[in-house]
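Asker: Any chance you can model this:
(one chain, ligands or ions: 1)
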Amino acid sequence: MFDFEEQEIPGLFRLRPKVFSDHRGCFVKNVHANMFAEHGLKHDFAEQFYSVSHKGVLRGLHFQRPGHDHEKLVFCTRGKILDVVFDMRRGSPTYGRSASFVLDGGFCDQIYIPRGLAHGFYVVSDTATVHYNVTTVHSPQHDAGIHWSSVADAFPDANPVVSERDASHPRWDDFVTPFVFEDADAPLP
Ligand SMILES: Cc1cn([C@H]2C[C@H](O)[C@@H](COP(=O)(O)OP(=O)(O)O[C@H]3O[C@H](C)C(=O)[C@H](O)[C@H]3O)O2)c(=O)[nH]c1=O
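Answerer: Presented below is the predicted three-dimensional model:
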C-alpha cells in the first residue's frame, strides 16, 4: 500500500502510496494506521486542512511551538510544488539542515514531517492544492515561523509571493529554537 522512504533527517519520510488506476481515473489511500505504526509514524491526526495557491506563492517556513508541536503529513493533489523542511532540533545529527522534495499532484507522493521541523513550499505550477494532516489542533499562540530566506538556496525565487506574516518571521540566525532532538523522533528500529 505504501513505500516508506526514510530520509537522512531522522523521523522524516517520503511516502509513495500505491496508485490504483483504471479507465475511470485513480484511487490513492493516504493513511493506514497499522502500516504507519509499523514504521513508527503517528496516524492519529487531529486536524486535516488544505490550501490552494497561485504560481510563485511561498507559504512557510512554519511550525507550532512545543506544547502544540505536531507531526505533519503533507501531500499535493493538484499542480506542482517545491516542498522544503528544516531541522530545528538541537542535538539532531542534521540540525540546521534542510531537505527539499518536488510534490506533484499527478504522483501522489507524501512527506511525513516529525515535530521540530519547519515546513514550507513554493508553487511551481499555475496553481497548487496542498493537503495537511496534523497530530494537534491549531493553536494561534503556538503558531510560529522562521523567514523562508533562512534556508539558503532552497527556493528558486528571490521574490516569491508571501503573506505579511511570513515576511515578518525572524531569520534562523536570530531565532532561539525551542526544539530538542529526542531518540523518539527517530522511527522504531
Ligand atoms: C494553519 C492554520 C491557519 N488557520 C487560519 C489562520 C489564518 O487566518 C488562515 C491562514 O493561515 P496561514 O496564512 O498561516 O496559512 P498557511 O500560510 O497556508 O499556513 C500553512 O502553511 C505552512 C506551509 C504549513 O506547513 C502549516 O501547516 C500552515 O501554517 O487560516 C487556522 O485557522 N488553522 C490552521 O491550522
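Asker: Next, residue 35: phi, psi?
Answerer: The phi/psi pair for residue 35 (degrees, to the nearest 10) reads phi -70, psi -40.
Asker: Can you give me every residue that contacts it?
Answerer: 1-2, 4 (CB atoms under 8 Å, 6 or more residues apart in numbering). Every C-beta, even on glycine, is put in place using the N, C-alpha and C of the backbone.
Asker: Please type out the ChimeraX selection for whichever of these turn out to be buried.
Answerer: Buried subset of the contacts of residue 35, written as a ChimeraX selection, criterion 16 or more other CB atoms under 10 Å:
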select :2,4
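Asker: of all the contacts of residue 35, which comes closest to residue 84?
Answerer: Nearest to residue 84 among the contacts of residue 35 is residue 4, at 20.4 Å by CB to CB.
Asker: From residue 111, how far out is the closest residue to the ligand within the chain?
Answerer: In the chain, the residue that lies nearest the ligand is residue 138 (3.2 Å; CB to the nearest ligand atom). From residue 138 across to residue 111, the span is 19 Å (CB to CB, to the nearest Å).
Asker: So between the two, which is more surrounded?
Answerer: residue 111 (23 against 13; other CB atoms under 10 Å).
Asker: Just list whatever residues bridge to the closest residue to that one other than its chain neighbours.
Answerer: In space, and not counting its chain neighbours, residue 111 is closest to residue 74: 4.8 Å by CB to CB, 6 or more residues apart in numbering. Beta-bridge pairing for residue 74 (DSSP bridges): residue 111, residue 132.
Asker: What's the local residue count around residue 74?
Answerer: 22.
Asker: same question, residue 157
Answerer: By other CB under 10 Å, the residues close to residue 157 number 15.
Asker: Show the pLDDT at it.
Answerer: Among the per-residue scores, residue 157 holds a pLDDT of 94.
Asker: quick one: secondary structure of it?
Answerer: Of the three states, residue 157 takes coil according to DSSP: H, G, I helix; E, B strand; the rest coil.
Asker: My guess is it contacts residue 122. True?
Answerer: Yes - counting by CB atoms under 8 Å, residue 157 does reach residue 122; the two are 6.4 Å apart.
Asker: Which neighbours do those two have in common?
Answerer: By CB under 8 Å, 6+ apart, the residues touching both residue 157 and residue 122 are 56, 58.
Asker: Name the nearest residue to residue 88, sequence neighbours excluded.
Answerer: In space, residue 88 is closest to residue 177, 4.4 Å off (CB to CB, 6+ apart).
Asker: make that residue 27, sorry
Answerer: The shortest distance from residue 27 to any non-neighbouring residue, by CB to CB, 6+ apart, is to residue 20 (4.2 Å).
Asker: How many residues are close by the one you found?
Answerer: Residue 20 has 10 nearby residues by other CB under 10 Å.
Asker: Make sure it is indeed in a strand.
Answerer: Yes - judged by three-state DSSP, residue 20 forms part of a strand.
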